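Enquirer: turn this into a model:
(one chain, ligands or ions: 1)
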Amino acid sequence: MPSPDEILNAKILVVDDCADNIDLMLEILRDAGYANVSSTMLPGMVCGLHRQHCYDLILLDLQMPELNGFQVMKGLKEIEQDGYLPVLALTAQPSFKIAALEAGARDFISKPFDLLEVHKRIHNMLEVRLLYKELAQYSKQQQELALHDPLTGLPNRRLLEDRIATTLQHAARHMRKAAVMYLDLDGFKAINDTHGHACGDEILRQVAARLVGSSRKEDTVARVGGDEFVIVLGEVGGLADAQEPASKLIEVVSEPYKVGDLTLHLSTSIGIALYPDHADSVNPLIQKADQALYDAKRSGKNRHCAAQPAAGMDGAAPDVAPAASPQRQGVSATA
Ligand SMILES: Nc1nc2c(ncn2[C@@H]2O[C@H](COP(=O)(O)OP(=O)(O)OP(=O)(O)O)[C@@H](O)[C@H]2O)c(=O)[nH]1
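Expert: Got it, this is the predicted structure:
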């Protein structure tokens, strides 16, 4: 529930073509303690002002020359991003009250003003408006949580699948390839077993940051399981365009990790699958990359390996590339 302070600090705009009416409303609002109030006598400015300031409440006179309150509301509806029109109509015409509500106003205040009614209606409307904003914010956070891994903040499997689908559509439209790289850390279990789960978590966060730091802004880096990550590359010309970043990622993951007083070493294996060479849709592509990862693990870890050609294509031996420099495979630690 919004606090009294939040209500008094809400952003309010008064719109009326009569200066005396504006002065009266400003006085009422300021006397009541509202601290963030502005006004305009130009109804044509309201949409622009609202776009700029996102008012919590617009006190809108309905009868104005040039542009009346109903026309202003029509304009506001077109720009209101969250579908909530924060308008309280001001009218001396009883017949306008229902029309104003039908046009999207949340409530109305009758002229001449009854002070008690003005205070109550403004307070109630702001309470609902701020509550609506809190709910919208909460629901946005929930959506974020549903699509991201809480430990690393990276996209999770669900968002990854969406991103791959978009990347494949783009690749198909531009007659390009795309690559999916499936990473699994080597011997990560030993870190948990030897140094504890919290240390393992910290390593996962550091690995995530390194993967993001070594990828292009337009690539997706996702965490899909315990020590498993997937990176999606768009705009790929051929296998070499994925093998080069894969070698770079193997090197980056192999840099030492500082956790408290410990210096830990770790390596990773990567499976690579190309669209459309190895599969032409999201999940088969991920599966192909996962199978290639298995080949990389089986042939010694700390390396990347490309997927086998899809059925009907040449069945060549797996294209396995060990890390450029001989490195400790798996995990080691120095204190
Ligand atoms: N710290 C931490 N560990 C996790 C988390 N999720 C899964 N794990 C652990 O990650 C480890 C994954 O190990 P595996 O990939 O099966 O085995 P590995 O030791 O990496 O062996 P290889 O993959 O064959 O090199 C398991 O011990 C899981 O318990 C997590 O969120 N935090």
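
Enquirer: and the longest helix for this protein?
Expert: The residue-count maximum for a helix in the chain (DSSP state H) belongs to helix 115-147.

Enquirer: how near is the residue located most distally from the centre of the chain to residue 8?
Expert: Within the chain, the residue lying farthest from the chain centre (C-alpha atoms, centre = their mean) is residue 112, at 46.9 Å. Counting by C-beta to C-beta, to the nearest Å, the gap from residue 112 to residue 8 is 25 Å. For the C-beta atoms, the positions are set from N, CA and C on the backbone; glycine is no exception.

Enquirer: residue 58 contacts residue 16, correct?
Expert: No. Between residue 58 and residue 16 there is no contact under C-beta atoms under 8 Å: 11.2 Å.

Enquirer: in stretch 169-180, what's buried?
Expert: Across stretch 169-180, burial judged by 16 or more other C-beta atoms under 10 Å covers 171, 177, 178, 179, 180.

Enquirer: so the residue farthest from the centre of the chain is in contact with residue 90, correct?
Expert: No. Look at residue 112 against residue 90 with C-beta under 8 Å: they stay out of range, at 10.6 Å.

Enquirer: so what's the residue count around the residue in the stretch 1-150 of the chain that the ligand sits nearest to?
Expert: Residue nearest to the ligand within the stretch 1-150 of the chain: residue 149 (8.6 Å; C-beta to the nearest ligand atom). Residues near residue 149, counting by other C-beta atoms under 10 Å, number 20.

Enquirer: please apply the same query to residue 273.
Expert: Residue 273, neighbours per other C-beta under 10 Å, totals 28.

Enquirer: so which residues on the stretch 151-300 of the chain come close to the ligand?
Expert: For the stretch 151-300 of the chain, the residues in contact with the ligand (C-beta under 6 Å from any ligand atom) are 151, 184-190, 192, 197, 200-201, 204, 226-227, 297.

Enquirer: buried among those? Need that as a selection in PyMOL.
Expert: Buried residues within those, by 16+ other C-beta under 10 Å, are selected in PyMOL with:
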select buried, resi 184+185+186+187+188+190+192+200+204+227+297
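
Enquirer: and the helices in the protein, which stretches?
Expert: Along the chain, counting by DSSP H, helices occupy 4-8, 19-31, 46-53, 69-79, 94-102, 115-147, 157-173, 188-195, 197-213, 239-254, 282-298.

Enquirer: could these go into TSV alongside distance to residue 269 and mean pLDDT?
Expert: Output for the helices of the chain, formatted as TSV (distance: least, C-beta to C-beta, whole Å; pLDDT from 0 to 100):
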stretch	distance to residue 269	mean pLDDT
helix 4-8	52	95
helix 19-31	65	94
helix 46-53	51	95
helix 69-79	51	93
helix 94-102	64	91
helix 115-147	27	92
helix 157-173	19	96
helix 188-195	11	96
helix 197-213	13	98
helix 239-254	8	97
helix 282-298	4	97
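
Enquirer: about what we covered before: excluding its backbone neighbours, what's nearest the residue farthest from the centre of the chain?
Expert: residue 92 (7.4 Å; C-beta to C-beta, 6 or more residues apart in numbering).

Enquirer: isn't the one you found right next to residue 108, touching?
Expert: No. Residue 92 is beyond contact range of residue 108, at 10.7 Å (criterion: C-beta under 8 Å).

Enquirer: out of the buried residues of stretch 169-180, which one sits closest to the ligand?
Expert: Of all the buried residues of stretch 169-180, the ligand sits closest to residue 180, with 18.3 Å by C-beta to the nearest ligand atom.

Enquirer: which ones are touching the closest one?
Expert: Residues in contact with residue 180 (C-beta atoms under 8 Å, 6 or more residues apart in numbering) are 164, 230, 231, 232, 233, 272, 273, 275, 285, 286, 288, 289.

Enquirer: list the contacts of stretch 161-173.
Expert: By C-beta under 8 Å, 6+ apart, stretch 161-173 touches 155, 176-178, 180, 220, 222, 232, 234-236, 275-276, 280-283, 285-286.

Enquirer: ok, now with 10 Å
Expert: Residues outside stretch 161-173 that contact it (C-beta atoms under 10 Å, 6 or more residues apart in numbering): 147, 155, 176-180, 218-222, 224, 230, 232-236, 274-276, 279-283, 285-286.

Enquirer: hmm, back to that, and the contacts of residue 180 as CSV, adding distance to residue 133?
Expert: Listed next are the contacts of residue 180 as CSV, based on distance: C-beta to C-beta, whole Å:
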residue, distance to residue 133
164, 34
230, 35
231, 36
232, 34
233, 39
272, 45
273, 44
275, 42
285, 40
286, 38
288, 45
289, 42
